[in-house]
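need a 3D model of the following:
(2 chains)
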2 protein chains.
Amino acid sequence: MAVGFGFSVNATDGRARSGVIATPRGEIRTPAFMPVGTAATVKAMLPDSVQATGADILLGNTYHLMLRPTAERIAALGGLHRFMNWDRPILTDSGGFQVMSLASLRKLTEEGVRFSSHIDGSKHLLTPERSMEIQRLLGSDIVMAFDECPALPATEEAVAKSMRLSMRWAQRSRDAFGERPGHALFGIMQGGVSPELRAESAAALTAIGFDGYALGGLAVGEGQDAMFGVLDYATDMLPADKPRYLMGVGKPDDIVGAVQRGVDMMDCVLPSRSGRTGQAWTPRGQINLRNARHRDDPRPLDEGCACPACTGYSRAYLHHVVKADEIIASMLLTWHNLHYYQVLMQGLRDAIAGARLDAFVAGFHAMRADGDIAPL
Amino acid sequence: MAVGFGFSVNATDGRARSGVIATPRGEIRTPAFMPVGTAATVKAMLPDSVQATGADILLGNTYHLMLRPTAERIAALGGLHRFMNWDRPILTDSGGFQVMSLASLRKLTEEGVRFSSHIDGSKHLLTPERSMEIQRLLGSDIVMAFDECPALPATEEAVAKSMRLSMRWAQRSRDAFGERPGHALFGIMQGGVSPELRAESAAALTAIGFDGYALGGLAVGEGQDAMFGVLDYATDMLPADKPRYLMGVGKPDDIVGAVQRGVDMMDCVLPSRSGRTGQAWTPRGQINLRNARHRDDPRPLDEGCACPACTGYSRAYLHHVVKADEIIASMLLTWHNLHYYQVLMQGLRDAIAGARLDAFVAGFHAMRADGDIAPL
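Model (predicted):
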């Protein structure tokens, strides 16, 4: 690990692991869920509230921040932590995935990706070297190598070609990152749904040597079965003594299945994005607060939940503010969803430590199968 | 005063008064500024945060709440306090002003106002009796009499006719309100900018007898000079031993001038609405965070302010989140503005108690005349 970093697995249960990533900015309990703070804010949340949900680390998006307010500006203002008032660890993505999904006029070459900003049309070039520079300017604690994530479906030939480009970029990322005590660099495995390509990618990355390893190219529309199919073998291709990060995952049942398959870190916009559209996640599954069945319901969203939305408000109130498009709806439901995700992660960590993960997962699925409480 | 209510003036300085309105749900320090919680939420704020700014009482809007989620529904759910998770005092307006400014297909008669909802076009009739019923269902602590507020400019004849209708409605409001221990009823003076009509209205209201008296028909486009011109005489027409409430005011300098003229309570959407459009109020005046001059500014919005926006963030960050239309911009700037308003009210109360209001007001205007800090 990088100087100042450490990763210890404290317990295992089957392939699942629980542990701690030590960083100069604090410990990250694993398995960890990282809320997404795209544009230097977890949408509709103050940083203190994010921390109150139990989050140990946030994710920031290189693509968004390089365009607005720019990495140079954030650096001049003291770095991303100070800028967004979050002093605990931050992981930044490399920008590669979002350039391909959000930017326009993209041109991919061996050098990198040329593109136009979705905000103002300005032209940019993102390369492994520039991605490392941006993430250094932001002051990211965990830096991601610059990779290319092919859109699915794709031929195995296209996936192979893309993966090998990403492995060359991984080496360039490693070289450009250099030695930065207190900052870690993670490589990203690609290879689609091919065991052979995944193995080739894992071998290439471990030969380079990273502080942690991400599973890329998943959660991009392949479906849960296909994703779990890859995780069934791919996590074990990565070094056991380094954190394994599944990017962009996911729904609660995705998270549970990934942890069962040896994943240590995840991130997803789902809990925050859902919260802004009246959707809530509870142990009983997904609940649409916009639905008229909640209009007169005096009960909390989840009577077992300790978040402000559940301790302070009825479903009827949440329904009302969702229907009235009030900002407090986004605030309360985002808080609830992030809280639920962190409670789920704590449950997973405790179950692994107690060697009772199977029972925990069975209970998780059983309660979801019951569905929401009956209408009054 | 109503049973359970009390009003004591603890200090005067010129015509200005400071005191306390005691209610069963807690004390209201006067002069008081009441944040507006239109649809059962102070937009972009959690109730705990509103209280943290120093607010002792909120205002709720009868018009909005009767349409959605409806007063009957809120009553069934335990009342407005419980619904919106605010256990301190709430004042509700009568609905009269907003029916005339927001509803469509309005028809005004002696009986009341027929109108169509701006939300779904549904037809409603609002009368003094129905307004009292709605405010009772909401569980409002301070209920406002139902009145009509004529649009300006208007002829003195039209203002007189409207005022006399409002006085008949005030009597009907008083009769319909009945005796409700723990709940107060305020009458509303009308009469435009005519001293004679204001005097006639004050006499009519005091003959009926209310727990407090509002100055209506101001802050409706007449300008500050005309408003202060009315306050120069109209507050003294109202009983000195009852709270005087200036409805819908205002900007910080409106508030200061109103307090100097003997006003005890005010409300306005300005601090919260401004906060949602990138506008901030400080002792140095109004600041537009959208302006590019803040883009690289590492300094806080107001270095003397203890609110989360000023203690945790740079102007550059606030500029960034305003430009990026992030919800946190509304959250932080609304919090700041409400905090500033409450600090201003505390400053006014302390100055009155210390018999140094003139010096306080001179300092207030001098700092605003200096304007914002110079760009870096």
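
what does stretch A:176-186 contact?
A:1-5, A:23-24, A:91, A:128-129, A:132-133, A:136, A:140-145, A:173-174, A:210-214, A:243, A:245 (C-beta atoms under 8 Å, 6 or more residues apart in numbering or on different chains). Quick note: C-beta positions are derived from backbone N, CA and C, even for glycine.

narrow those residues to just the buried residues.
Neighbour-count burial (16 or more other C-beta atoms under 10 Å in any protein chain shown) applied to the contacts of stretch A:176-186 gives A:1-2, A:5, A:23, A:91, A:128-129, A:132-133, A:136, A:140-145, A:173-174, A:210-214, A:243, A:245.

quick one: which of the residues you listed sit in helices?
Among the buried ones among the contacts of stretch A:176-186, the residues falling in helices (DSSP state H) are A:128-129, A:132-133, A:136, A:173-174.

can you narrow these to ones near chain B?
Applying C-beta under 8 Å from any C-beta of the partner chain, the subset of those adjacent to chain B is empty.

need these in a markdown table with pLDDT and distance to residue B:73, can you?
Below are these laid out as a markdown table (pLDDT from 0 to 100; distance: C-beta to C-beta, whole Å):
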| residue | pLDDT | distance to residue B:73 |
| --- | --- | --- |
| A:128 | 98 | 58 |
| A:129 | 98 | 60 |
| A:132 | 98 | 56 |
| A:133 | 98 | 56 |
| A:136 | 98 | 55 |
| A:173 | 98 | 57 |
| A:174 | 98 | 61 |
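
including distance to residue B:291, could those residues go into CSV?
Shown next, in CSV, are these (distance: C-beta to C-beta, whole Å):
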residue, distance to residue B:291
A:128, 37
A:129, 35
A:132, 34
A:133, 30
A:136, 30
A:173, 38
A:174, 42
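
please, which helix or strand holds residue A:157?
Residue A:157 belongs to helix A:156-177 when assigned by DSSP states H and E.

for that helix, list every residue counted as buried.
Buried residues in helix A:156-177, counted by 16+ other C-beta under 10 Å: A:159-160, A:162-167, A:169-174, A:176-177.

try stretch A:66-84
Going by neighbour count (16+ other C-beta under 10 Å), the buried part of stretch A:66-84 is A:66-67, A:69, A:71, A:73-75, A:77, A:79-84.

quick check: residue A:17 is in a strand.
Yes: checked against DSSP: H, G, I helix; E, B strand; the rest coil, residue A:17 lies within a strand.

got the angle between the longest helix seen in chain A and helix B:327-353?
Counting residues, the longest helix in chain A under DSSP H turns out to be helix A:327-353. Orientation check (axes from the mean of the first three to the mean of the last three C-alpha atoms, to 10 degrees): helix A:327-353 against helix B:327-353 gives 110 degrees.

mind pulling up the pLDDT for residue A:298?
Looking at residue A:298, its pLDDT is 98.

what's the distance between it and residue A:280?
Remark: distance between residue A:298 and residue A:280 (C-beta to C-beta, to the nearest Å) = 17 Å.

show me what from the stretch 151-300 of chain A comes close to chain B.
So far as C-beta under 8 Å from any C-beta goes, the stretch 151-300 of chain A lies against chain B at A:276, A:295-296, A:298.

if we take those residues, which one ends up nearest to chain B?
Using C-beta to the nearest C-beta, residue A:298 comes nearest to chain B of these, at 5.5 Å.

contacts only, for the closest one.
A:314-316, B:77-78.

so who does residue A:215 touch?
Contacts of residue A:215 by C-beta under 8 Å, 6+ apart are A:188-189, A:230-231, A:234-235, A:238, A:244-247, A:263.

repeat that for residue A:20.
A:6-8, A:10, A:27-30.

repeat that for 10 Å
By C-beta atoms under 10 Å, 6 or more residues apart in numbering or on different chains, the contact set of residue A:20 is A:6-10, A:27-30, A:32, A:56, A:349.

return the subset of these lying in strands.
Taking DSSP state E, the ones among the contacts of residue A:20 that sit in strands are A:6-10, A:27-30, A:32.

could I get the contacts of residue A:215 as a markdown table with pLDDT?
Shown next, in a markdown table, are those (pLDDT from 0 to 100):
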| residue | pLDDT |
| --- | --- |
| A:188 | 98 |
| A:189 | 98 |
| A:230 | 97 |
| A:231 | 98 |
| A:234 | 98 |
| A:235 | 98 |
| A:238 | 98 |
| A:244 | 98 |
| A:245 | 98 |
| A:246 | 98 |
| A:247 | 97 |
| A:263 | 98 |
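
tell me where the stretch 251-376 of chain A has strands.
Taking DSSP state E, counting those that start in this stretch as the test, the strands found in the stretch 251-376 of chain A are A:265-267, A:279-282, A:285-288.

next: the stretch 101-250 of chain A.
With DSSP E, counting those that start in this stretch as the criterion, the stretch 101-250 of chain A has strands spanning A:104-108, A:113-116, A:123-126, A:142-144, A:184-189, A:212-215, A:244-246.

if I look at residue A:145, how far off is residue B:152?
Distance, residue A:145 to residue B:152, using C-beta to C-beta: 66 Å.

ok, residue A:259 touching residue A:352?
Yes: shown here, residue A:259 and residue A:352 form a contact pair, counting by C-beta atoms under 10 Å, at 7.7 Å.

shared neighbours of those two, anything?
Common contacts of residue A:259 and residue A:352 (C-beta under 10 Å, 6+ apart): A:13-14, A:16-18, A:30-31, A:360.

what's the closest non-adjacent residue to the residue positioned nearest the centre of chain A?
The centre of chain A sits closest to residue A:267, judged by C-alpha atoms, centre = their mean, with a distance of 1.2 Å. Residue nearest to residue A:267 in three dimensions, not counting chain neighbours: residue A:34, with 4.1 Å by C-beta to C-beta, 6 or more residues apart in numbering or on different chains.

what is the neighbour count of the one you found?
23 (other C-beta atoms under 10 Å in any protein chain shown).

how about residue A:282?
Close neighbours of residue A:282, defined as other C-beta under 10 Å, add up to 23.

do you know the pLDDT at it?
pLDDT at residue A:282 comes out at 98.

how about residue A:333?
Residue A:333 is given a pLDDT of 98.

what's the burial count for the closest residue in space to residue A:106 that isn't next to it in sequence?
Closest residue to residue A:106 apart from its sequence neighbours, by C-beta to C-beta, 6+ apart: residue A:115 at 4.7 Å. Look at residue A:115: counted by other C-beta under 10 Å, it has 23 neighbours.

residue A:18 too?
24.

ok now the helix or strand hosting residue A:12, how far from the chain's centre?
According to DSSP H and E, residue A:12 maps onto strand A:6-13. With C-alpha atoms, centre = their mean, to the nearest Å as the basis, strand A:6-13 stands 20 Å off its chain's centre.

direction included, what does it pair up with?
Strand pairing for strand A:6-13, using DSSP bridges, gives strand A:16-23 (antiparallel).

got the angle for the strand it pairs with vs strand A:26-30?
Put simply, strand A:16-23 runs at 170 degrees to strand A:26-30, going by the same axes, to 10 degrees.

including pLDDT, could the contacts of residue A:298 go into JSON lines?
Below are the contacts of residue A:298 laid out as JSON lines (pLDDT from 0 to 100):
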{"residue": "A:314", "pLDDT": "98"}
{"residue": "A:315", "pLDDT": "98"}
{"residue": "A:316", "pLDDT": "98"}
{"residue": "B:77", "pLDDT": "98"}
{"residue": "B:78", "pLDDT": "98"}
